[in-house]
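Enquirer: dropping a prediction and its sequence here:
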Amino acid sequence: MLPNFICPGAAKAGTTSLFQVLNQHSEIYLPDVKETFFFWNNDFYKGKKWYEEKYYKNVVNEKIIGDITPLDMYFDYVPERIQKTLGSNIKIIFMLRNPANRAFSHYLMSLRQGFETKSFEEALNLESLRLKGSVEDQRFFSYSDRGFYGKQIALFQKIFKRENMHFVVFEEFIKEPEKVTKEIFNFLNINQNQSINYNIHTNKGFIFKYPRLNFFMRKYESYIHQFSKLIPSTLKHKFSKFIYKKDLKNSKSLKMKENTKKELLKNYFDDIVLTEELTGLNLDSWKQF
């Protein structure tokens with residue numbers, strides 16, 4: 001079985017929370033990993049059968065089968081790959097967040113993971129140059145560019161039917177998760193009256209005091225995992241807890257400058273209007289700068 005619904009993004013717009021909520025529904029099947037990355041990287045060339053066996057071999061009789069990979073919204077070649085693999089009648093859920101706030105949240109993530117060392121303003125100035133680099137550079141440093149939702153949604157609407165698309169505003173999802181989730185269930189045509197835990201807080205904003213240490217640990221994760229097998233589990237847990245507490249720093253001390261936010265929203269204004277036209281949403285709150 002292959003997915004009959006996807007959520008291609010946007011990144012840092014509540015897709016992880018959506019995954020946690022949808023994964024509780026008995027009629028929905030999602031892979032063990034939230035993001036398959038199949039449609040944007042070279043795994044695509046391994047073929048449809050590989051994709052199915054890798055992520056969906058355990059589907060039983062679930063009505064809705066999903067793939068939630070936020071990067072799929074950003075790369076312009078992905079919609080056609082999705083159509084070729086899954087057909088034209090799949091359902092698509094877009095998660096959209098104030099693009100300036102999304103950009104800063106994306107920056108904090110790259111900073112936390114050790115990929116970013118510049119200030120937010122410096123990173124924005126470098127962005128156009130960085131986006132000429134590798135696919136990984138485009139993935140980690142596309143802070144402002146990812147926020148042009150209208151341009152990205154338009155590419156999907158060239159291939160997929162508008163009636164098969166559902167648009168969720170992140171700010172509304174956070175404010176009224178049960179109401180918004182039941183609207184998603186209705187869109188997917190599944191039971192709305194299941195017991196769901198909506199009190200989910202994922203990917204909280206924080207940075208590490210030593211991001212390079214975090215980057216090193218991520219880069220050599222497989223080697224560290226092999227070495228850790230030699231350490232007793234109790235000692236390993238205590239060590240991990242100690243490192244985490246020492247390294248963690250609340251990100252509330254890092255806030256986007258008001259002038260930076262204003263400039264970003266000015267740049268986004270026309271695309272926000274386009275997004276409203278394509279989705280039918282009222283996004284007036286995003287236009288205030």
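Expert: Thanks, I have the structure now. Only a predicted model underlies this, so the values are computations on that prediction, with no experimental measurement involved.
Enquirer: contacts and neighbour counts: CA atoms only from here.
Expert: OK.
Enquirer: helix, strand or coil for residue 101?
Expert: Under DSSP: H, G, I helix; E, B strand; the rest coil, residue 101 falls in the helix class.
Enquirer: who's in contact with it?
Expert: Counting by C-alpha atoms under 8 Å, 6 or more residues apart in numbering, residue 101 makes contact with residue 261.
Enquirer: and it, how far from residue 274?
Expert: Residue 101 sits 19 Å away from residue 274, going by C-alpha to C-alpha, to the nearest Å.
Enquirer: cool, and residue 148?
Expert: 9 Å.
Enquirer: one more: residue 26?
Expert: 36 Å.
Enquirer: which one of these two has more residues nearby?
Expert: Using other C-alpha atoms under 10 Å as the criterion, residue 26 and residue 274 rank with residue 274 on top: 18 against 15.
Enquirer: tell me the secondary structure at that one.
Expert: Remark: residue 274 carries the secondary structure label helix [criterion: three-state DSSP].
Enquirer: which residues does it contact?
Expert: If you count contacts by C-alpha under 8 Å, 6+ apart, residue 274 has them with 150-151.
Enquirer: which sections of the stretch 151-289 of the chain are below the confidence cut-off?
Expert: 201-253 (pLDDT under 70).
Enquirer: what sits against the nearest residue to residue 88 once chain neighbours are set aside?
Expert: Leaving aside its chain neighbours, residue 88 sits nearest to residue 160 (5.7 Å; criterion: C-alpha to C-alpha, 6 or more residues apart in numbering). If you count contacts by C-alpha under 8 Å, 6+ apart, residue 160 has them with 83, 88-89.
Enquirer: got JSON lines for the residues you listed, with distance to residue 133 too?
Expert: Formatted as JSON lines, the contacts of residue 160 follow (distance: C-alpha to C-alpha, whole Å):
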{"residue": "83", "distance to residue 133": "27"}
{"residue": "88", "distance to residue 133": "32"}
{"residue": "89", "distance to residue 133": "34"}
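Enquirer: give me the pLDDT for residue 63.
Expert: On the pLDDT scale, residue 63 is placed at 97.
Enquirer: show the backbone phi and psi for it.
Expert: phi -80, psi -40 (degrees, to the nearest 10).
Enquirer: how many neighbours does the nearest residue to residue 77 once chain neighbours are set aside have?
Expert: Distance criterion C-alpha to C-alpha, 6+ apart; nearest residue to residue 77, sequence neighbours excluded, is residue 40 at 7.8 Å. The tally of other residues near residue 40 (other C-alpha under 10 Å) stands at 21.
Enquirer: and if you look at the one 10 residues further on?
Expert: The burial count assigned to residue 50 is 14, neighbours taken as other C-alpha under 10 Å.
Enquirer: what about it, which helix or strand?
Expert: helix 48-55 (DSSP states H and E).
Enquirer: show me what that helix is packed against.
Expert: Packed against helix 48-55 by the contact rule (3 or more C-alpha pairs under 8 Å, 6 or more residues apart in numbering; DSSP states H and E) you find no helix or strand.
Enquirer: put the alpha carbons of it into PDB.
Expert: What follows is helix 48-55, C-alpha atoms only, in PDB (Å, rounded to 0.1, in the frame of the first residue of the first chain):
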ATOM      1  CA  LYS A  48       8.000   3.000  -5.900                       C
ATOM      2  CA  LYS A  49       8.400  -0.600  -4.700                       C
ATOM      3  CA  TRP A  50      11.400   0.300  -2.500                       C
ATOM      4  CA  TYR A  51       9.400   3.200  -1.000                       C
ATOM      5  CA  GLU A  52       6.500   1.000  -0.200                       C
ATOM      6  CA  GLU A  53       8.500  -1.800   1.300                       C
ATOM      7  CA  LYS A  54      10.700   0.600   3.300                       C
ATOM      8  CA  TYR A  55       7.900   2.600   4.900                       C
END
